[in-house]
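Asker: sequence first, predicted model second:
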Amino acid sequence: MMRFLLTFLAILIGLFTLEMLTPVQNAVIQPFTASLASLSAALITPLDGDVIAYGRVIAHTVNNFAVSIEAGCNGVEAAIVLIAAVIAFPAPWKLRVMAILLGFLTIQVMNIARIISLFYLGQWDVELFNWTHLYLWPVLIMLDVLVVFLVYLRVLERRRDSSAEVAA
């Protein structure tokens, strides 16, 4: 357990440090965040044609309400926590990569739901938007990370059990 925790913390610190580097921000994080805004707007547009995205911003062209997807709101930090946990836990690399890819996907699906819900909450009730943005959604996103990691551990356990049965 201590080895897992130390490895997890080392990877976590390394990945967060890497993420904060200006070249990584410019080449990876900012374009990724802009793509989240574009995808969110594209998902909204069939239901509300007055929504546009530019850069990291999603805006309503009629009421002029807009949200900007900032650092900490793009799901990257949650994905880093998941990646660190998956890599730190001993398992075959093929399963680790699968867990990271599927986990990243689930985090981003939930994050897009978060972005869209906050976009509309902000238009209806700013106080509810603030509370949901600051308290509810961060907990739900990290809960998603935890659930994905627990499912991953369960898959590993089942694989080990079935391998033990075959060997016996």
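Answerer: Sure thing, it's come through.
Asker: what's V57 in contact with, if anything?
Answerer: A37, A66, V67, S68, I69 (CB atoms under 8 Å, 6 or more residues apart in numbering). Yep, even glycine has a C-beta here, placed from its N, CA and C like the rest.
Asker: now it: how far from M98?
Answerer: Using CB to CB, to the nearest Å, we find V57 at a distance of 34 Å from M98.
Asker: the worst-scoring helix or strand of the chain on mean pLDDT - contacts with which helices or strands?
Answerer: Least confident helix or strand, the chain: helix 137-167 with a mean of 88, by mean pLDDT, DSSP states H and E. Helices and strands touching helix 137-167, by 3 or more CB pairs under 8 Å, 6 or more residues apart in numbering; DSSP states H and E, are helix 76-88, helix 93-124.
Asker: low-confidence ranges, the protein, go.
Answerer: 163-168 (pLDDT under 70).
Asker: just want the most central residue of it.
Answerer: G75 (3.0 Å; CA atoms, centre = their mean).
Asker: for that residue, give its distance to F8.
Answerer: Going from G75 to F8 by CB to CB gives 19 Å.
Asker: cool, N26 as well?
Answerer: Following CB to CB, the distance that separates N26 from F8 is 28 Å.
Asker: the more surrounded of these two?
Answerer: Neighbour totals were compared for N26 and F8, and F8 leads with 17 against 10 (other CB atoms under 10 Å).
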